[in-house]
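**Q** give the three-dimensional model of this entry:
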Amino acid sequence: MLKEGVILGERYEIISRIGSGGMADVYKAMDHKLNRMVAVKVMKPEFREDKTFITKFRSEAQAAAGLSHPNVVNVFDVGDDRGVYYIVMELVEGITLKDYINRKGKLSVKEATSIAIQVSLGLEAAHNRGIVHRDVKPQNIIISTDGKVKLSDFGIAKATSSNTISSNVMGSVHYSSPEQVRGGYSDYKSDIYSLGITIYEMVTGRVPFDGDTTVAIAIKHLQEEIEAPSKYTPSLPFSLEQIILKCTQKSPDRRYKSMGELIDDLKHSLVDPNGNFVTLMPLSSHAQTVMVSEDELDKIRSGSAAMAAKKAADEQTSSPRYSKLEDDDDEDDYDSYEDEDEYDDDYEDDDYDDDEDDDDDDSGSRVEKVITIGGFVVGGVIICILIYVIAQALGFVGGGRDTADGNSASSASATVTATATPTPVDSSATSNAGEEQVTVPDLRGKTEEEAQQTANEMGLGVTSGGTEPSDSVEAGKICRQDLQPGSQVAKNSTITYYVSAGSGKVEIPTGLIGQPRDAVQASLNSIGLEVSFTEDFSSDVAAGSVITLDPGEGSTVDQGSTVTVVVSKGAEEDEEVSIPNVQGYSQEEATSILENRGLVVTTTTATSNRVAIGEVIDQSPEAGTNVAPGTTVTLVINTEQASADPTTAPEEGATNATWSCNKSLNKPENYQGGVIRLEVIQNVNGSEQSVWQDEGMTLDDSQWPYPINIEWTAPSDASAEVYILISEMDSTGNYQAISKSSTFTADQN
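**A** Here you go, the predicted model:
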């Protein structure tokens, strides 16, 4: 743990520790180069010798540095100092969504939808940069004090252009998608699933799957259907419930195709809460599992293929158990044959009775029996082949692929292949079926959906190998495949395809102007661009921040090309600057603002009730004055609370005393969200007087009830009964009383 006052990179002074995670601590720090407060994430000492953790730590910075979006916590810098690895980020004052849910129990529909939209916008920006977050959860969503929602912690994020199949990518298991807990392929649809679980928790106050161990929870994600959120929140609008259910589908193909579609439906739900506009794709036939019992397999293997195969064929078309999941423990449906011995006895009674009774029959009778037996055998083989062909056509055998996790075949389809194909009497039939060859189709130029459909029709599977540049194939379509088109391969083989990322071009991100030089360089480097810096004077942009880019923001350029970045040197000496209004700011904040304009700051002190101790009471020259760079601005800093009013002086014979109160104010019904002033009203010398006040604040819904814990000076013989008057600033800048608290007793210290 770093001590207060430690300076990293000769620039960032540690102020205090504000949080801790699995592999890093987070500190509040002062950036002395740009005079601003930042958050610094520092790797814990026990991981600093582990190259794997160092690589992962740096990858977090790389993943987030390319993002510049209002709903994403921005990364400014990354480095190491004497073996201490750190990431410098935007300091966001607020609470996590998890804490907010715990505090409120469950959120209103409007509030939950608004938060979901803002998180979706941040994720959309990440996905557009080819980055999958993979750990979306309320703990990684911050609600700032001004109500803005920001997504943080890209610690296990991964670029989708690389191999994202790993057994170590699971985020918090309560919010992980089925493909993540399975250790398989995870893409942007995994973020959609995790966001769906997060919305579920916002509107119900609980997660849909819980258990004593992470393994138990992971299994529920894989096997159990999610309970409708309306079970816990009956008033939940139909459209929002359908959105949640679509986000949390087990199969990624049944979720939203993109964050853009999800955002559209979330916005639509606000204007049409009970509309039926959310479309859920039906389950495809290959997602169903055919179950054949062990008894049926034994009977087929014992040579009694005819009746067993016929029974299996009948049940395939009629029995409801064929639509159940693999883990259903169904009993054998062959009620007329409890065990193999009983089956064999009945078979002998039916077909060999004449052979026992008529040993003296002539050779013609024996030939007839041989023909009859041969007919049963041939019939059994034919029925087995028919069952195999029918199962193949329905998708139960071969071709079934779980494209969500990239495996060559799902466990369900593998079970169908093993149980639905009986053991034939003729061994040659097995050999021919097992060596069946198909022609590899040409998937180039097709979309991923088209490729999957084409391959499945041929009895082949597909899996994505990622993206790569291509000058001949447009972005989003397949440009290469590992199996040569026209070649012969065994049925059920898997084709690995690669999707075109376009002709090696990238788009310069927006929102870089005004950002620090290091952050802009990291953002451009992360998308494969080189950076060249020049400097120029600017009275509008702080020194060290970016003025312009060439090519400009939003331009499409070739990867590897150079972007010229113009960095501000501050205002020119002969150019005038306008003095900003810093009254009400802390001394530290006010000094930083003025020095960034090229002004020199001096301070004096005074006392006032208008602002808190340590804040600016007044300034000279006054705000709006145009002065030359280097001009001195004097700040008057409040050192203590002044006496409330001259009229509160004690009468002759009385003395002043310190009064205090501790009170929570409820939100006034007519409060419109504007700037307010709070005043303590006390009866002093026979008249009501304002003995304490605080003004200039704006409170959102999460800050009510508002705590008041204050002290003031008034005559000791003043009334102990006081109340708090709440006033709101009108359009003219004057305060108008809107509410007052009930009378309560103040304490005299």
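
**Q** how near is residue 175 to residue 217?
**A** The gap separating residue 175 from residue 217 is 10 Å, by Cβ to Cβ, to the nearest Å. The way it works is simple: take the backbone N, C-alpha and C, and place the C-beta from them, glycine included.

**Q** what of residue 454?
**A** Residue 454 is 38 Å from residue 217, by Cβ to Cβ.

**Q** and what of residue 102?
**A** Distance from residue 102 to residue 217, by Cβ to Cβ: 19 Å.

**Q** any idea which residue sits dead centre in the chain?
**A** Nearest to the geometric centre of the chain sits residue 136, at 2.8 Å (Cα atoms, centre = their mean).

**Q** find the nearest non-adjacent residue to that one, please.
**A** Closest residue to residue 136 apart from its sequence neighbours, by Cβ to Cβ, 6 or more residues apart in numbering: residue 194 at 3.8 Å.

**Q** who has more neighbours, residue 175 and residue 217?
**A** residue 175 (27 against 19; other Cβ atoms under 10 Å).

**Q** return the residues in contact with that one.
**A** Residue 175 is in contact with 135-137, 194, 197-198, 207, counting by Cβ atoms under 8 Å, 6 or more residues apart in numbering.

**Q** do that again at 6 Å, thanks
**A** Under the criterion of Cβ atoms under 6 Å, 6 or more residues apart in numbering, the neighbours of residue 175 are 137, 194, 197.

**Q** cool, and residue 61?
**A** Per Cβ under 6 Å, 6+ apart, neighbours of residue 61: 75, 78, 87.

**Q** residue 460 and residue 187, how far apart?
**A** For residue 460 relative to residue 187 (Cβ to Cβ), the value is 21 Å.

**Q** of the two, give the one with the bigger neighbour count.
**A** residue 460 (26 against 19).

**Q** state the pLDDT value of the more buried one.
**A** As predicted, residue 460 sits at a pLDDT of 88.

**Q** residue 74 touches residue 90, doesn't it?
**A** Yes. With contact defined as Cβ atoms under 6 Å, residue 74 reaches residue 90; the gap is 4.3 Å.

**Q** of these two, who's got more company?
**A** Neighbours per residue (other Cβ under 10 Å) separate residue 74 from residue 90, with residue 74 holding more: 21 against 17.

**Q** so who does that one touch?
**A** residue 90.

**Q** now do 8 Å
**A** 64, 67-68, 89-90, 515, 519.

**Q** can you add secondary structure and give those residues back as JSON lines?
**A** JSON lines is the format used below for the contacts of residue 74 (DSSP: H, G, I helix; E, B strand; the rest coil):
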{"residue": "64", "secondary structure": "helix"}
{"residue": "67", "secondary structure": "coil"}
{"residue": "68", "secondary structure": "coil"}
{"residue": "89", "secondary structure": "strand"}
{"residue": "90", "secondary structure": "strand"}
{"residue": "515", "secondary structure": "coil"}
{"residue": "519", "secondary structure": "helix"}
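
**Q** can you tell me which of those residues is closest to residue 238?
**A** residue 67 (34.3 Å; Cβ to Cβ).

**Q** my read: the closest one touches residue 130, true?
**A** No. Judged on Cβ atoms under 8 Å, residue 67 makes no contact with residue 130 at a distance of 11.0 Å.

**Q** quick one, which of the two is more surrounded?
**A** When neighbours are counted by other Cβ under 10 Å, residue 67 comes out ahead of the other of residue 67 and residue 130, with 24 against 19.

**Q** for the more buried one, give me the pLDDT.
**A** 78.

**Q** residue contacts, it?
**A** Taking Cβ under 8 Å, 6+ apart, one finds 74-75, 125-126, 129, 131, 154, 509, 523 in contact with residue 67.

**Q** farthest pair in the residues you listed?
**A** Maximum distance among these (Cβ to Cβ): 15.5 Å, for 154 and 509.

**Q** the more surrounded of these two?
**A** Neighbour count, other Cβ under 10 Å: between residue 154 and residue 509, residue 154 has more, with 26 against 23.

**Q** mind checking the SS state of the more buried one?
**A** Three-state call for residue 154 (three-state DSSP): coil.

**Q** the chain should start at 593 in everything you say after this.
**A** OK, 593 is where the count begins now, so the last one is residue 746.

**Q** backbone phi and psi for residue 808, please?
**A** phi -60, psi -40 (degrees, to the nearest 10).

**Q** could you measure from residue 779 over to residue 1221?
**A** From residue 779 to residue 1221 the distance is 51 Å (Cβ to Cβ).

**Q** and what of residue 618?
**A** 36 Å.

**Q** go on, residue 742?
**A** Residue 742 is 34 Å from residue 1221, by Cβ to Cβ.

**Q** try residue 596
**A** Residue 596 is 34 Å from residue 1221, by Cβ to Cβ.

**Q** likewise for residue 1167?
**A** On the measure of Cβ to Cβ, residue 1167 and residue 1221 end up 7 Å apart.

**Q** overlap of the contact sets of these two?
**A** Joint contacts of residue 1167 and residue 1221 (Cβ under 8 Å, 6+ apart) are residue 1131.

**Q** comparing those two, which shows the higher neighbour count?
**A** residue 1221 (18 against 14).

**Q** so how far is residue 1129 from the more buried one?
**A** 10 Å.

**Q** shared neighbours, those two?
**A** With Cβ under 8 Å, 6+ apart, residue 1221 and residue 1129 have common neighbours 1162-1164, 1167.

**Q** which ones among the contacts of residue 653 are found in strands?
**A** Among the contacts of residue 653, the ones falling in strands (DSSP state E) are 667, 670, 679.

**Q** you'd agree the last one is up against residue 669?
**A** Meaning residue 679. Yes. Counting by Cβ under 8 Å, residue 679 touches residue 669, with 7.5 Å between them.

**Q** any regions of the stretch 1093-1242 of the chain where pLDDT drops low?
**A** 1095, 1165-1166, 1202, 1233-1242 (pLDDT under 70).

**Q** do a quick rundown of the helices in it.
**A** Along the stretch 1093-1242 of the chain, counting by DSSP state H, counting those that start in this stretch, helices occupy 1109-1118, 1179-1188.

**Q** show me what the first one is packed against.
**A** What it means is helix 1109-1118. Using 3 or more Cβ pairs under 8 Å, 6 or more residues apart in numbering; DSSP states H and E as the contact test, the elements touching helix 1109-1118 are helix 643-657, strand 667-673, strand 1122-1128, strand 1138-1142, strand 1154-1160.

**Q** okay, buried residues for it please.
**A** 1109-1116, 1118 (16 or more other Cβ atoms under 10 Å).

**Q** OK, contacts around residue 864?
**A** residue 831.

**Q** kindly report the same for residue 1271.
**A** Taking Cβ under 8 Å, 6+ apart, one finds 1282, 1284-1285, 1316-1317, 1319 in contact with residue 1271.

**Q** most neighbours, which of those residues?
**A** residue 1284 (24 neighbours).
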